[in-house]
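Colleague: here is a sequence with its predicted model. Questions after.
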Amino acid sequence: MRAALTVMAIWAAGLGAAAQFGKISVLYDVLGAAYPDQAGVGIALMVSVVGMVGLVFGTTAGILVTRIGPRRAMLAALVLGAAVSVVQSWFPPFGVMMASRVLEGVSHLAIVVVGPTAIAAVAPPARQGLALSLWSTFFGLTYAVLFAVAPPLVGAAGPSALFLAHAGWMLAMAVILAVLMPRDPAKAPPVPGGWLRRHMEIYASPRIAAPATGFVCYTVTYVALLTLLPGAVSEGWGQAVGVAMPLVSIAVSLSLGVWLLGRMSAVRVVQTGFAAALVGGLALVLGWGVGWAELTGALMLAGALGLVQGASFAAIAQLNTSDADRAGASGAIAQLGNLGTTTGTPLLAFLLVKAGLTGLGLFILGFSALGIAIHAVQARRRAVSG
């Protein structure tokens, strides 16, 4: 029971980490009005700067978590996240707000690195697939909840209430996890061989790096499709595509994805998901121009990528047995995942402008095939190295 409660509490902390992006997204217009000189690029940067921290320091964070200890890192990140949300609720000058967002990026990165590592450590082996698939839903679910809950909250109590509610959530998770998470070792181990060598070892390892090198193909594709596909499909079908895709992805990850993880390796599930995405991409392209066919193809894609989503995190635990290697793998996922979310949308937008439907098809099919190929190469390297 304690293990299940701990997994749920860590997942709830992940919801708070996702809200560090989502709260700015849902208040995008409000923030544009509050900082009129920064409307447009400045506010967009306010959203993305949290991810930029992960893009630059993701792998470093994985090493630091091993050094600091997952419990200490998680609690410090939650308290920091609560503090910056309180500051943001005051709508300080833009420079102060941006500095708070950089600090929030540190908080976010620590949570998303500790989360899968800590879940893998406390979940029973038979339940690791389910627990890590649950963790993988934190981003999509948070956005769905925020876009439903935030507007009435802001309408009733003002935009500061959303920041304060987020601060309260983060502080509550810190208190709960202070009780539930196992204590860290009294003495943290040194980084073997130094920081640079450890970075090189992480990305050179076919076990530590494998989940991240496949996951980047997922984030490139998924975030870009969620962002641009609703506006590209036939008129009147965009809202259905935008609402249904993340929900289908979560549902498939927690149902079919968990079932498959009980019957094959996580890497095989990832490759199966990418193969299904090839079929979904073809269905989308062939049905283009017909609303129901576009929706069907989009939902096939979302379900397929839901398999990749959950199994990529499950692969961290399956391929790596030590906490240090799992933290390194989680850091690499954070880093390459942010690389995908940062580059995927502008790349797809460019392809849609230059090549239209052909560009969309090449984008989906190319990255799906690349995800299968990368995992095949990493599996061969593991077989050779033993």
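Modeller: Thanks, I have the structure now.

Colleague: only C-alpha atoms for contact and neighbour calcs from this point on.
Modeller: Fine.

Colleague: okay, domains of the chain per the record?
Modeller: Domain assignment for the chain by automatic domain parsing gives 2-184, 199-385.

Colleague: ok, Leu352 - how many residues close by?
Modeller: 18 (other C-alpha atoms under 10 Å).

Colleague: show me what contacts it?
Modeller: Gly359, Leu360 (C-alpha atoms under 8 Å, 6 or more residues apart in numbering).

Colleague: so which strand or helix has it?
Modeller: helix 323-385 (DSSP states H and E).

Colleague: returning to what we had before: dump the domains of the chain to a markdown table, plus mean pLDDT.
Modeller: Putting those into a markdown table (pLDDT from 0 to 100) gives the following:
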| stretch | mean pLDDT |
| --- | --- |
| domain 2-184 | 87 |
| domain 199-385 | 90 |
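
Colleague: quick check, central residue of this structure?
Modeller: By C-alpha atoms, centre = their mean, the chain has its centre lying nearest to Phe139, at 5.7 Å.

Colleague: using CSV, list the CA coordinates for whichever helix or strand that one is part of.
Modeller: Taking DSSP H and E as the definition, one finds Phe139 inside helix 138-157. Only the C-alpha atoms of helix 138-157 are listed here, as CSV (Å, rounded to 0.1, in the frame of the first residue of the first chain):
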residue,chain,number,x,y,z
PHE,A,138,1.4,13.5,-16.5
PHE,A,139,1.9,16.1,-19.3
GLY,A,140,-1.2,15.4,-21.4
LEU,A,141,-3.5,15.0,-18.5
THR,A,142,-2.4,18.2,-16.8
TYR,A,143,-3.0,20.2,-20.0
ALA,A,144,-6.5,18.7,-20.4
VAL,A,145,-7.4,19.5,-16.7
LEU,A,146,-5.9,23.0,-16.8
PHE,A,147,-7.8,24.0,-19.9
ALA,A,148,-11.0,22.8,-18.2
VAL,A,149,-10.5,24.2,-14.7
ALA,A,150,-8.3,27.3,-15.1
PRO,A,151,-10.8,29.5,-17.0
PRO,A,152,-13.6,29.4,-14.4
LEU,A,153,-11.0,29.8,-11.6
VAL,A,154,-9.4,32.8,-13.2
GLY,A,155,-12.9,34.3,-14.0
ALA,A,156,-14.0,33.9,-10.4
ALA,A,157,-10.8,34.8,-8.5
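
Colleague: which strands or helices does the helix or strand following it pack on?
Modeller: Note on helix 138-157: by DSSP H and E, the next helix or strand toward the C-terminus is helix 159-180. Helix 159-180 is packed against helix 2-26, helix 70-89, helix 138-157, with contacts defined by 3 or more C-alpha pairs under 8 Å, 6 or more residues apart in numbering; DSSP states H and E.

Colleague: show me which residues of helix 159-180 are buried.
Modeller: 159-174, 176-177, 180 (16 or more other C-alpha atoms under 10 Å).

Colleague: give me the angle between whichever helix or strand comes after it and helix 323-385.
Modeller: Next helix or strand after helix 159-180 toward the C-terminus (DSSP H and E): helix 195-204. Helix 195-204 and helix 323-385 are oriented at 50 degrees to each other (axes from the mean of the first three to the mean of the last three C-alpha atoms, to 10 degrees).

Colleague: what sits against the residue lying closest to Pro151 once chain neighbours are set aside?
Modeller: Closest residue to Pro151 apart from its sequence neighbours, by C-alpha to C-alpha, 6 or more residues apart in numbering: Val26 at 7.9 Å. When contacts are counted by C-alpha under 8 Å, 6+ apart, Val26 touches Leu146, Phe147, Ala150, Pro151.

Colleague: thanks a lot, catch you later.
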